[in-house]
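In: need a 3D model of the sequence below.
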Amino acid sequence: MKEIYEKIWKLALPYQDKRNDEGHARIVTSYAQELLKSVKANPDVVIPAAMLHDTGWSQMPEKDRFLIFDPNKTPEQESKVRLKHEEEGSRIAQMLLSALNYVQLLTEQIKGIIKGHDTRKEAISLEDEIVRDADKLWRYSKIGFWADIKRMKEITPQQLCDKLEKNIEKEGFFFTEPAKNIAREELKQRREEF
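Out: Below you'll find the model as predicted:
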């Protein structure tokens with residue numbers, strides 16, 4: 001890993017994994033790196049955006065961080081907390097990347113990705129597609145899958161597998177074919193675990 005990525009990672013650590021999702025940032029970044037092997041995009045945007053995309057949760061009260069897992073939430077409630085974490089994440093990205101004198105043009109692209117990675121319907125760039133696909137792949141990873149089972153409480157492993165399988169081909173869920181292929185492989189492994 002490039003030295004600058006290691007510096008970003010170290011600065012971001014206090015802001016990471018604040019929703020009982022230890023390993024989230026690391027796994028998303030790993031998937032982003034894997035996707036970059038077959039999708040040609042700028043790693044100097046993708047890798048930092050993947051590392052920093054969910055840092056905004058660290059600035060929110062615990063009840064808001066876990067609201068999206070509440071089956072009784074309203075769409076308005078979910079939208080409000082998602083937007084807030086994106087805004088805070090963009091602010092944290094600016095702060096951390098400025099501290100490292102990261103290229104401002106790249107910083108702006110990274111902030112743009114973070115600011116809509118959960119709420120924007122369309123991708124703004126190929127780099128955005130990769131980060132958003134990597135973030136969704138977390139749900140298919142072993143750690144992410146079992147974290148979701150624990151956080152959602154009212155869903156069985158079989159039900160979650162079925163839901164994840166439908167999402168693979170769902171219009172607009174994944175942007176890239178390599179992400180769909182990774183999701184299929186991960187889902188096959190999850191089904192073998194229970």
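
In: what residue ranges in this protein score low on pLDDT?
Out: For the chain, the stretches with pLDDT under 70 are 1.

In: swap in 90 and give it another go.
Out: 1, 17-22, 62-63, 65-73, 148, 150-155, 194 (pLDDT under 90).

In: helices of that one, start to end?
Out: 3-12, 24-36, 43-52, 62-65, 75-99, 104-114, 126-137, 142-152, 157-169, 177-191 (DSSP state H).

In: residue 180 against residue 174, yeah?
Out: Yes: contact status for residue 180 versus residue 174: in contact at 5.0 Å, counting by CB atoms under 8 Å. No exception for glycine: its C-beta is placed from N, CA and C like everyone else's.

In: returning to what we had before: quick one: closest of the helices of the chain to residue 18.
Out: helix 62-65 (6.0 Å; CB to CB).

In: and the closest one, what does it pack against?
Out: If you count contacts as 3 or more CB pairs under 8 Å, 6 or more residues apart in numbering; DSSP states H and E, helix 62-65 packs onto helix 75-99.

In: how about 7 Å then?
Out: Counting contacts by 3 or more CB pairs under 7 Å, 6 or more residues apart in numbering; DSSP states H and E, helix 62-65 packs against no other helix or strand.

In: what separation is there between the most centrally placed residue in the chain and residue 144?
Out: Closest residue to the average C-alpha location of the chain: residue 135 at 2.9 Å, with CA atoms, centre = their mean. To residue 144, residue 135 is 10 Å away according to CB to CB, to the nearest Å.

In: coming back round to it: and residue 180 and residue 174? Which one has more around it.
Out: residue 174 (21 against 17; other CB atoms under 10 Å).

In: surely that one is in contact with residue 136?
Out: Yes: the pair residue 174 / residue 136 is scored as a contact, 6.5 Å apart, by CB atoms under 7 Å.

In: contacting residues for the nearest residue to residue 34 once chain neighbours are set aside?
Out: For residue 34, ignoring the flanking residues on the chain, the nearest one in space by CB to CB, 6 or more residues apart in numbering is residue 182 at 6.8 Å. Contacts for residue 182 were tallied using CB atoms under 7 Å, 6 or more residues apart in numbering; they are 31, 34, 137.
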